[in-house]
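>>> The following comprises the amino acid sequence and a computationally predicted model.
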Protein chains: 2
Amino acid sequence: MAGVSTQDNGDGDPRRAIELLWGVSAPPRRGPKPKLATPDVVKTAVRLADADGIEAVTIRRVAEQLGVSPMSLYTYVPGRAELLDLMIDHAHGELPAPTEGLGWRAALTAIAEDQWALLHRHPWLLQVTTSRSALGPHSFAKYEHELRAVEGIGLGDVEMDAVVSLVTGLVRATARSSLDNARLIRTSGMTDAQWWERAAPVLAGIPAADAAHYPISSRVGQAAGQFHNAAEDPAYTFRFGLARVLDGIEALVGTRDPG
Amino acid sequence: MAGVSTQDNGDGDPRRAIELLWGVSAPPRRGPKPKLATPDVVKTAVRLADADGIEAVTIRRVAEQLGVSPMSLYTYVPGRAELLDLMIDHAHGELPAPTEGLGWRAALTAIAEDQWALLHRHPWLLQVTTSRSALGPHSFAKYEHELRAVEGIGLGDVEMDAVVSLVTGLVRATARSSLDNARLIRTSGMTDAQWWERAAPVLAGIPAADAAHYPISSRVGQAAGQFHNAAEDPAYTFRFGLARVLDGIEALVGTRDPG
DNA sequence: GCACAACTCTGTACGTCGTACGGAATTCAG
DNA sequence: CTGAATTCCGTACGACGTACAGAGTTGTGC
């Protein structure tokens, strides 16, 4: 049994954070030589998050990794919230450059596959909100890249935005469910099989939970469950969904750009 | 600037939690009359989460609302993680009963709309993972209800599961982006407009962030941004995506169930 | 009627977190 | 060479979940 909650922090002035994102801070003219630089902090935080999840990214632990006292991190980063924002933009920097010359369908497919891979390299990206943090150079480039895939195919501006967020939303949603499960296995120390082994007898003792009350679920759930354990399933669900979504977009584009 | 992270808890024995979900705990025979019951705790927690977000659901605050000491909550609930699980199933209980007799497209539409509404009533549902917690009666019923919409239309079991998770994933993804933003406005005390008012001059001072480097983003972003402020936009993005997804599913169903 | 087991409730305490505050040490501009 | 700017750090505060031990309350078995 596990519940995962998100906590948030909302901050004040964006100036400092934007300067850090774009790397335009004037170097200090006085004072001791800094032992570190902001990118060191960001990279260390990303490494920690990759290895142990976003909850391992605490000011204290990042500082420890860097051989520095916790409070001195605040020299390089205004606070934990902004550190997370920097991590996001850093990760977006790993996305490949746009694939020019492809048709919109191939381009959207490439975008989806690249993000799918990115999210699996950095699962913590799904545990962090992206809303206003997307003001960094790499996040800008990502959005531009996504839009270019559907530029000039007959869609309006608002539709272009909607199509892009449909595809990226699909990637995030499917990646989330498989990665949430993987994280659960890690943190609970129980595989799905072990979990069910323990849960099944308890459920069996509850009349209302009888399979007869849930005929379709128990049939489909069994098939899907076996498939889930096959380990290639998350990718299947992703590509299945992507195919449907692209077909749906194609139907729309067909009405706009005849031929 | 804001970052939102998720923390998690993974637990041990599911027995107690499942018993609580299905309400099959034997009433105590000895000892003082309990001042409360588990559902009281769950309802109070849901009220708190609705009003102030999931981060307001702390053992201490729930206890305070109930006029009880923090530690005595552990009489009714094994821990915070299980409380979140109970909240999820409680919320799923609000979903309307299945709409029989509709075609699969109308049924999936109704399911998506109902979940869209539910997520807006209880935004914290998006800040909590659903993986293994979905063992309660209402979550079971939800899954059964969803599958029934696509039963008997020519899809295989694994495909049925994939279609259902495609649709619910879409709802969650689109609801998430609009609700994340709403939460950000609440916690930062800044509307998007105020935010941009402050951020724009900073970005303007950064050559690399010039609009010329991001021609499509700046055009589409402006259109989409104005639309976003129109307040009916999140629903548009949702319904736009839903229409595409359903079209895509229709294409698949057409190949399976000819006629 | 009584002793004890079962149960509820609570206060205290531990280890975690982000980070405010104030001071010491270091470097460069004047 | 003085003082301003900057880095670094120790301490401390208020939150959090919850382990633990005890006090109070109730029904059961005799």
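Looks like it came in fine.

>>> CA only for contacts and neighbour counts going forward, please
Noted.

>>> Retrieve the pLDDT associated with A:K35.
Looking at A:K35, its pLDDT is 95.

>>> what's the answer for A:D257, then?
Note on A:D257: pLDDT of 66.

>>> Could you count how many residues lie near A:V163?
Neighbours of A:V163 under the rule other Cα atoms under 10 Å in any protein chain shown: 24.

>>> Verify the stated contact: A:T44 with A:V62.
Yes: contact criterion Cα atoms under 8 Å: A:T44 and A:V62 qualify, at 6.6 Å.

>>> So these two - more neighbours on which side?
Neighbour count, other Cα under 10 Å: between A:T44 and A:V62, A:V62 has more, with 23 against 18.

>>> which element is the nearest residue to that one once chain neighbours are set aside on?
Nearest residue to A:V62, sequence neighbours excluded (Cα to Cα, 6 or more residues apart in numbering or on different chains): A:A45, at 6.0 Å. Counting by DSSP states H and E, the element that carries A:A45 is helix A:38-52.

>>> do A:L83 as well
Per DSSP H and E: A:L83 is located in helix A:80-92.

>>> That helix near DNA strand C anywhere?
Yes: remark: helix A:80-92 sits within contact range of DNA strand C at A:R80, A:A81, by Cα under 7 Å from any atom of the strand.

>>> Kindly spell out which helices and strands sit in contact with that helix.
Here helix A:80-92 touches helix A:15-22, helix A:38-52, helix A:137-149, strand B:2-8, going by 3 or more Cα pairs under 8 Å, 6 or more residues apart in numbering or on different chains; DSSP states H and E.

>>> How far off centre is it?
Between the mean C-alpha location of helix A:80-92 and the chain-wide mean there is a distance of 12 Å, by Cα atoms, centre = their mean, to the nearest Å.

>>> pLDDT on that helix, on average?
Mean pLDDT, computed over helix A:80-92, is 96.

>>> Which residues of the stretch 51-200 of chain A lie near DNA strand D?
Going by Cα under 7 Å from any atom of the strand, the residues of the stretch 51-200 of chain A near DNA strand D are A:V68, A:S69, A:P70, A:M71, A:S72, A:T75.

>>> can you count the residues close to the fifth one?
For A:S72, the tally of surrounding residues (other Cα under 10 Å) stands at 13.

>>> re the thing from before, relative to helix A:137-149, how tilted is the helix or strand just after the helix holding A:L83?
As assigned by DSSP H and E, the chain's next helix or strand after helix A:80-92 is helix A:104-121. Angular relation of helix A:104-121 and helix A:137-149 on a 0 to 180 degree scale: 150 degrees, by axes from the mean of the first three to the mean of the last three Cα atoms, to 10 degrees.

>>> Against which helices or strands is helix A:104-121 packed?
Helix A:104-121 is packed against helix A:137-149, helix A:157-188, with contacts defined by 3+ Cα pairs under 8 Å, 6+ apart.

>>> Next, the angle helix B:15-22 makes with the very next helix or strand once past the longest one.
Proceeding N to C from helix A:157-188, the next assigned helix or strand is helix A:192-204, under DSSP H and E. Taking the same axes, to 10 degrees, one finds helix A:192-204 and helix B:15-22 inclined to each other by 50 degrees.

>>> name the helices or strands packed onto helix A:192-204?
With contacts taken as 3+ Cα pairs under 8 Å, 6+ apart, helix A:192-204 sits against helix B:15-22.

>>> Run the chain-centre distance for the helix it packs on.
The gap between where helix B:15-22 is centred and where its chain is centred comes out at 22 Å by Cα atoms, centre = their mean.

>>> same deal with stretch A:172-180?
The answer for stretch A:172-180 is 8 Å, by Cα atoms, centre = their mean.

>>> what sits against A:E94?
Each residue near A:E94 by Cα atoms under 8 Å, 6 or more residues apart in numbering or on different chains is listed here: A:L118.

>>> Could you tell me whether A:P27 really is in a helix?
No: counting by DSSP: H, G, I helix; E, B strand; the rest coil, A:P27 falls outside a helix, being coil.

>>> number of nearby residues for A:W116?
Neighbour count of A:W116, defined by other Cα under 10 Å: 19.

>>> Pull up the gap between it and A:A45, please.
To A:A45, A:W116 is 21 Å away according to Cα to Cα, to the nearest Å.

>>> and what of A:G248?
Separation of A:G248 from A:A45 (Cα to Cα): 39 Å.

>>> now A:E159
Taking Cα to Cα, one finds A:E159 at 36 Å from A:A45.

>>> how about the CA coordinates for the one helix or strand A:Q222 maps to, as PDB?
Following DSSP H and E, one finds A:Q222 within helix A:215-228. These are the backbone C-alpha positions of helix A:215-228, laid out as PDB (Å, rounded to 0.1, in the frame of the first residue of the first chain):
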ATOM      1  CA  PRO A 215     -16.600 -10.000 -14.600                       C
ATOM      2  CA  ILE A 216     -14.900  -7.900 -17.200                       C
ATOM      3  CA  SER A 217     -12.200  -6.600 -14.900                       C
ATOM      4  CA  SER A 218     -11.200 -10.000 -13.700                       C
ATOM      5  CA  ARG A 219     -10.900 -11.400 -17.200                       C
ATOM      6  CA  VAL A 220      -9.200  -8.400 -18.700                       C
ATOM      7  CA  GLY A 221      -7.200  -7.700 -15.600                       C
ATOM      8  CA  GLN A 222      -5.700 -11.100 -15.800                       C
ATOM      9  CA  ALA A 223      -4.700 -10.800 -19.400                       C
ATOM     10  CA  ALA A 224      -3.400  -7.300 -18.900                       C
ATOM     11  CA  GLY A 225      -1.600  -8.300 -15.700                       C
ATOM     12  CA  GLN A 226       0.200 -11.200 -17.400                       C
ATOM     13  CA  PHE A 227       1.100  -8.900 -20.100                       C
ATOM     14  CA  HIS A 228       2.300  -6.300 -17.700                       C
END
